[in-house]
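Engineer: structure for this input, please:
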Amino acid sequence: MFTKPRFDFGRAVLWTSEVIPIAGLWSGVLVFARIQFDLEWLQMPALPVGILGTATSFYLGFKGSAAYDRLWEARKVWGGIVNTSRTWGMFTLTFVTDRHVKGETSASVEEIRRELVYRHVAWLAALRTQLRRPKPWEHRERWNDKARGSYHTLDQSDERLAARMEGFISPTEIGAVMAQKNRAAQLIRRQGERLTELLDEGRIEDFRHMELARLLEEFYTLQGKCERIKNFPLPRQYASANHYFIQIFIAMLPFALIGAFSAQNLPNTYLWAVVPTTIVLAWVFWIWDRVLEYTENPFEGLVNDVPIDAMSRTIEIDLREMLGETELPPSTQAVDHILL
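Structural biologist: Residues are numbered from 1 along each chain as shown. Sure thing, here's the model as predicted:
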């Protein structure tokens, strides 16, 4: 997540700079041929290009709405994870007691509460690790992976996940979880099994067991929503068609501009204004499409992501404070105005 009010203009231009030399060279060649060889056929009426530009704009509008919906849904889902996690912490601290225990027990109430809270923190680590792993349709270019390296979002290996869970669940449990494919789902399952054990021990009664199980069900629901966004992209046929329309529009634009400038009966020198005009219009459409391409993938470890690492750290701090701990990790801060 970018935290400044807007991107620096120079940074935005650099991000989309590949279209500038292409549009400039293509329009420059056409203008040179029109002036040098007096090729009047290197022009066309503005109407066809205007219709194409309008159609492309409508397509971009549809893509923008769909991309923003994906981003905003991801943010709402993680907002739900934050709120439900706090409820989980509160229920754990108030529902798990010794009130109905008969006989000796193997663990104290405080240890059990810490176990349930810490396993939830491990679930957060597993979930965000799974969400940040690359998909074929995400941006995997060399410069994007370089950016991920600087943001510390490139390495989402099993080794890093095991390190993230270390200290929150036992080494034996880490080994058992890592042997599964969907580690986050398995951690919630283990929470459910532990609740059943606590019910048998008399640590919780039926009603409290159902309330805690309901929260686990909600975590499954929220995880499933995240996986739906991650594993099913904006349909590729829409994204591809939109990109092709923009390329065709940029290719046809200089012809219409040459025709428009020629119709003014100005000296041929003025035709060179077609080049910067083409560059500006091509860049506007190109950056519009580029912004939407990156917006549609909110879990790929780049600047436009939902800041799930920072939100997970916030949850961890809140839950550990509920346990009465004072030695807490620091909140995640934005670096160079980027919060992930």
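Engineer: tell me where the stretch 1-150 of the chain is predicted with low confidence.
Structural biologist: Where the stretch 1-150 of the chain drops to pLDDT under 70, the residues are 102-106.
Engineer: you'd agree Ile174 is up against Leu161?
Structural biologist: No - with contacts counted by CB atoms under 8 Å, Ile174 stays clear of Leu161, the gap being 9.0 Å. Where C-beta positions appear, they are placed from N, C-alpha and C, glycine not excepted.
Engineer: looking at those two now, which is surrounded by more residues?
Structural biologist: Neighbour comparison, Ile174 and Leu161: the larger count goes to Leu161, with 23 against 20 (by other CB atoms under 10 Å).
Engineer: and the closest residue to the more buried one other than its chain neighbours, how far from Leu216?
Structural biologist: The shortest distance from Leu161 to any residue that is not its chain neighbour, by CB to CB, 6 or more residues apart in numbering, is 4.5 Å, and that residue is Thr129. Separation of Thr129 from Leu216 (CB to CB, to the nearest Å) stands at 20 Å.
Engineer: likewise for Glu18?
Structural biologist: Going from Glu18 to Leu216 by CB to CB gives 48 Å.
Engineer: cool, Gly28 as well?
Structural biologist: Gly28 is 63 Å from Leu216, by CB to CB.
Engineer: likewise Phe9?
Structural biologist: Taken as CB to CB, the span from Phe9 to Leu216 is 48 Å.
Engineer: so if I had to pick from these two, which one is more boxed in?
Structural biologist: Neighbour comparison, Phe9 and Leu216: the larger count goes to Leu216, with 18 against 8 (by other CB under 10 Å).
Engineer: in the stretch 1-150 of the chain, which spans are helices?
Structural biologist: Taking DSSP state H, counting those that start in this stretch as the test, the helices found in the stretch 1-150 of the chain are 9-15, 19-36, 46-95, 109-132, 142-151.
Engineer: spell out the residue ranges of the helices in the stretch 151-300 of the chain.
Structural biologist: Counting by DSSP H, counting those that start in this stretch, the stretch 151-300 of the chain has these helices, from start to end: 158-165, 171-178, 183-201, 206-231, 236-262, 274-295.
Engineer: contacting residues around the third one?
Structural biologist: Applying CB atoms under 8 Å, 6 or more residues apart in numbering, the set of residues contacting helix 183-201 from outside is 96, 101, 105, 112, 115-116, 119-120, 122-123, 126-127, 129-130, 161, 169, 173, 176-177, 180, 204-206, 209, 212-213, 216, 219-220, 223.
Engineer: just give me the residue right at the centre of this protein.
Structural biologist: Within the chain, one residue has its C-alpha closest to the average C-alpha position: by CA atoms, centre = their mean, that is Pro298, at 1.5 Å.
Engineer: check contacts around the closest residue to that residue other than its chain neighbours.
Structural biologist: What sits nearest to Pro298 in space, not counting adjacent residues and going by CB to CB, 6+ apart, is Ala74, at 3.9 Å. Contacts for Ala74 were tallied using CB under 8 Å, 6+ apart; they are 226, 229, 298-299, 306.
Engineer: now these in TSV, with pLDDT?
Structural biologist: Shown next, in TSV, are the contacts of Ala74 (pLDDT from 0 to 100):
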residue	pLDDT
Cys226	97
Ile229	96
Pro298	95
Phe299	96
Val306	95
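Engineer: check the helices of the stretch 1-150 of the chain for me and report the most buried one.
Structural biologist: Highest mean neighbour count of those: helix 109-132, a mean of 21 (counted as mean count of other CB atoms under 10 Å).
Engineer: chain center to stretch 115-134: distance?
Structural biologist: Centroid displacement of stretch 115-134 relative to its chain, using CA atoms, centre = their mean, to the nearest Å, is 16 Å.
Engineer: how long is stretch 10-25 end to end?
Structural biologist: Between the opening and closing residues of stretch 10-25 there is a gap of 21 Å (CA to CA, to the nearest Å).
Engineer: same question, stretch 229-237
Structural biologist: According to CA to CA, stretch 229-237 extends 17 Å from its N-terminal end residue to its C-terminal end residue.
Engineer: distance between that stretch and the chain's centre?
Structural biologist: On the basis of CA atoms, centre = their mean, stretch 229-237 sits 12 Å off its chain's mean C-alpha point.
Engineer: same check, this time on stretch 46-59
Structural biologist: Stretch 46-59 has its average C-alpha position 31 Å from the chain's average C-alpha position, going by CA atoms, centre = their mean.
Engineer: just stretch 125-142 next, same as before
Structural biologist: In this view, stretch 125-142 has its centroid 9 Å away from the chain centroid, taken as CA atoms, centre = their mean.
Engineer: ok, residues contacting that stretch?
Structural biologist: Under the contact criterion CB under 8 Å, 6+ apart, stretch 125-142 has outside partners 153, 156, 160-161, 164-165, 168, 177, 182-184, 187, 223, 226-227, 230-231, 233, 236, 293-294, 297, 299-302, 308-309, 312.
Engineer: report the buried members of those.
Structural biologist: Neighbour-count burial (16 or more other CB atoms under 10 Å) is assigned, among the contacts of stretch 125-142, to 153, 156, 161, 164-165, 168, 177, 183-184, 187, 223, 226-227, 230, 233, 293-294, 297, 299-302, 308-309, 312.
Engineer: returning to that earlier point: what's the distance between the residue nearest to Pro298 and Ala122?
Structural biologist: To Ala122, Ala74 is 22 Å away according to CB to CB.
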